[in-house]
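Student: heads up, no residue letters with this:
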């Protein structure tokens, strides 16, 4: 496997009311191609900031971030926009979609913006993704006409439409009920099994238990790591969840 994400002495500082807030402090970690990595930690520990800096959505204060062998922390904004559009997919707790577009039009929009494939191929891919995720019947509906779980699955389709190397997921099940949460978890696993690397922030022990590896962040520093290995079909999720819970207890969760 090759390294797809790497940080070297990554620091991020915000200035609030003339006070420095060191959100990330000399963070060094890497993610291998095909891995599913979860980031956990207390509120305010820097989890979302880590996701934003390694994806180029936010600038770094010091240190370096490499994505697929390129130093994105040195890229200009136009380069970053193109990189995020083509090689990255994003799923957030807040399901940002354009209200004036149908579900399928929201999904295919990044494909059209990338301008690297014919429109007919993009739409065909979108329909296939929607079929796999069980929302093909909602294709022409408006975003206000579907459930939260259906909308989050549509967000995952949109994240996958350009066949990204990495999906960045920030609390992707945080606003969902247990049934919808389980559906999104399964779809994330499916994407990972198809080769997509996933870096996910979550507060949920159950959601984290589907990942291969976990990182625990406290006050902008990595305090520990748990290796769970690939979840195989038929594995007892409760055993993995218990491992996560015990480890989090050791971390002071």
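Tutor: That came in fine, so what should we check first? Quick caveat, the model's predicted, so the values are computed rather than measured.

Student: so which residues of the stretch 101-250 of the chain form helices?
Tutor: For the stretch 101-250 of the chain, the helices defined by DSSP state H, counting those that start in this stretch cover 103-114, 119-132, 148-160, 178-193, 205-208, 237-251.

Student: low pLDDT regions in the chain?
Tutor: 1 (pLDDT under 70).

Student: so which of the helices of the stretch 101-250 of the chain gets nearest residue 6?
Tutor: Closest to residue 6 of these, according to CB to CB: helix 178-193, at 19.3 Å. Quick note: C-beta positions are derived from backbone N, CA and C, even for glycine.

Student: run through the neighbouring helices and strands of the closest one.
Tutor: strand 36-40, helix 148-160, strand 166-170, strand 197-201, helix 205-208 (3 or more CB pairs under 8 Å, 6 or more residues apart in numbering; DSSP states H and E).

Student: now do that helix and helix 237-251, the angle between them.
Tutor: For helix 178-193 against helix 237-251, the angle by axes from the mean of the first three to the mean of the last three CA atoms, to 10 degrees is 90 degrees.

Student: got the angle for helix 178-193 vs strand 197-201?
Tutor: Using the same axes, to 10 degrees: helix 178-193 against strand 197-201 is 150 degrees.

Student: run through who's touching helix 178-193.
Tutor: With CB atoms under 8 Å, 6 or more residues apart in numbering as the contact definition, helix 178-193 has outside contacts at 34, 36, 132-134, 147-149, 152-153, 156, 160, 167, 169, 172-173, 176, 198, 200, 204, 206-207, 210, 231.

Student: kindly report the same for stretch 238-253.
Tutor: Contacts for stretch 238-253 (CB under 8 Å, 6+ apart): 40, 42, 205-206, 208-210, 214, 216, 218, 223-224, 226, 228, 231.

Student: give me the buried positions along that stretch.
Tutor: Applying a neighbour-count criterion of 16 or more other CB atoms under 10 Å, one finds 240-241, 244, 247-248, 251 buried in stretch 238-253.

Student: circling back: wait, which of the helices and strands packed on helix 178-193 is closest to residue 108?
Tutor: Minimum separation from residue 108 across these (CB to CB) falls at helix 148-160, 8.2 Å.

Student: helices or strands up against the closest one?
Tutor: Using 3+ CB pairs under 8 Å, 6+ apart, helix 148-160 sits against strand 88-92, helix 103-114, helix 119-132, strand 166-170, helix 178-193.

Student: tell me the gap between that helix and the middle of its chain.
Tutor: Relative to its chain's centre, helix 148-160 lies at 12 Å (CA atoms, centre = their mean, to the nearest Å).

Student: same check, this time on stretch 112-122
Tutor: Distance, centroid of stretch 112-122 to centroid of chain: 23 Å (CA atoms, centre = their mean).

Student: same check, this time on stretch 171-181
Tutor: Its chain's C-alpha centre and that of stretch 171-181 lie 14 Å apart, by CA atoms, centre = their mean.

Student: how long is it end to end?
Tutor: 11 Å (CA to CA, to the nearest Å).

Student: may I see the buried residues of it?
Tutor: Those would be 171-176, 180-181, for stretch 171-181 by 16+ other CB under 10 Å.

Student: widest-spaced pair of those?
Tutor: Between all members of the buried residues of stretch 171-181, the farthest pair (by CB to CB) comes out as 171 and 180, at 13.5 Å.

Student: which among the contacts of helix 178-193 end up buried?
Tutor: Buried among those (16+ other CB under 10 Å): 34, 36, 132-133, 149, 152-153, 156, 160, 167, 169, 172-173, 176, 198, 200, 204, 206-207, 210, 231.

Student: please tell me how far residue 87 sits from residue 50.
Tutor: Separation of residue 87 from residue 50 (CB to CB, to the nearest Å): 18 Å.

Student: I am finished for the moment; much appreciated.
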